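Asks: Output the structure for:
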Amino acid sequence: MKKKLIIIILILIIAVLSIGGGIVLMNSNSKPPKKEDPKTQEKTVTEYVEKLNKVIMDGGTKQQYLSVLRRDQILNTDIMTGPDMYLRQKPSNKVIQKNSLSSYTKKGEELAKKLEKTIKDNFECEIEGVLTKEDYLAVLVTYKSFYYNAYVKDLNSIQNELLIKVGYDFDNLTKEQEKTIEVDSYKAKVKAASLLNDRLDMYKNNEESKRVYINFDGKKIEGNSDNFLSYLMNLEGYTYTNQGYFTSVDKTNEFINSLNITDPLAL
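Replies: Residues are numbered from 1 along each chain as shown. Presented below is the predicted three-dimensional model:
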């Protein structure tokens with residue numbers, strides 16, 4: 001009987017300890033999560049905007065662009081500076097050698113260097129502060145940048161018309177043209193850039209500043225790829241008044257014809 005009583009008492013003690021431990025555990029789990037210091041959050045997002053500016057404007061590679069924008073792909077034309085910038089994009093070495101394009105690659109690099117310097121020199125940016133809301137932070141930026149979007153639009157317009165002048169019909173390419181379109185498109189891009197080379201001042205932005213909020217939803221870096229891409233598009237000039245000068249085929253051809261070009265693709 002005495003032994004049975006001792007067993008019952010031990011069971012009661014274990015039960016009480018288990019319940020007490022459970023209550024302590026529940027209380028520890030119910031504690032609110034530690035809030036991150038707002039100043040630390042503001043510093044993090046501000047530094048990230050500085051990182052965006054550095055990669056986009058100071059010459060990041062395509063991989064660095066993708067990394068900082070948190071994206072898998074971007075348009076070729078979106079790379080404004082650096083070793084993979086649009087004007088530096090060219091066919092493979094095999095294609096270059098086979099088609100004797102070394103004069104075009106040399107000229108393309110020369111043109112790219114001048115364009116890149118102009119883009120960098122034209123860029124101004126000031127981070128004015130951070131707006132704090134309940135579920136997001138927004139970095140306010142004032143910027144002024146080269147009319148890059150206008151430049152690319154005009155470049156592509158000239159490039160297309162040069163190809164048409166040598167017989168390309170983009171809706172009905174012949175089998176032979178399908179084989180030559182890569183090489184001729186590259187030649188036409190370099191030729192178009194050479195025609196605009198002495199006219200880069202037309203795309204310099206001397207007065208038009210813009211202000212934009214870069215949102216960090218959730219007060220963090222992750223998950224804001226679309227907001228970062230939107231900022232890139234702002235720096236490219238999608239919201240500027242200047243959206244290019246060759247807004248029609250007639251205007252493009254008027255410009256090309258004024259130069260008395262005999263061979264549309266020759267340098």
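
Asks: switch to C-alpha atoms for all contacts and neighbour counts from now on
Replies: Will do.

Asks: Show me where the stretch 101-250 of the chain has its helices.
Replies: 102-122, 148-165, 175-196, 225-236, 249-257 (DSSP state H, counting those that start in this stretch).

Asks: Tell me which of the ones you listed lies nearest to residue 46.
Replies: Nearest of the helices of the stretch 101-250 of the chain to residue 46, taken as CA to CA: helix 225-236 at 12.9 Å.

Asks: name the helices or strands packed onto the closest one?
Replies: The contact analysis (3 or more CA pairs under 8 Å, 6 or more residues apart in numbering; DSSP states H and E) places helix 225-236 against helix 62-69, strand 210-217.

Asks: export the helices of the stretch 101-250 of the chain to a markdown table and tack on mean neighbour count, distance to residue 141 and mean pLDDT?
Replies: Output for the helices of the stretch 101-250 of the chain, formatted as a markdown table (neighbours: other CA atoms under 10 Å; distance: least, CA to CA, whole Å; pLDDT from 0 to 100):
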| stretch | mean neighbour count | distance to residue 141 | mean pLDDT |
| --- | --- | --- | --- |
| helix 102-122 | 17 | 16 | 98 |
| helix 148-165 | 21 | 19 | 98 |
| helix 175-196 | 18 | 30 | 96 |
| helix 225-236 | 19 | 10 | 98 |
| helix 249-257 | 14 | 35 | 96 |
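
Asks: out of these, nearest to residue 60?
Replies: helix 102-122 (11.8 Å).

Asks: relative orientation of the closest one and helix 175-196 in degrees?
Replies: Using axes from the mean of the first three to the mean of the last three CA atoms, to 10 degrees, one finds that helix 102-122 and helix 175-196 are set 40 degrees apart in direction.

Asks: Mean neighbour count and mean pLDDT added to the helices and strands packed on helix 225-236, as CSV?
Replies: Below are the helices and strands packed on helix 225-236 laid out as CSV (neighbours: other CA atoms under 10 Å; pLDDT from 0 to 100):
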stretch, mean neighbour count, mean pLDDT
helix 62-69, 18, 97
strand 210-217, 18, 97
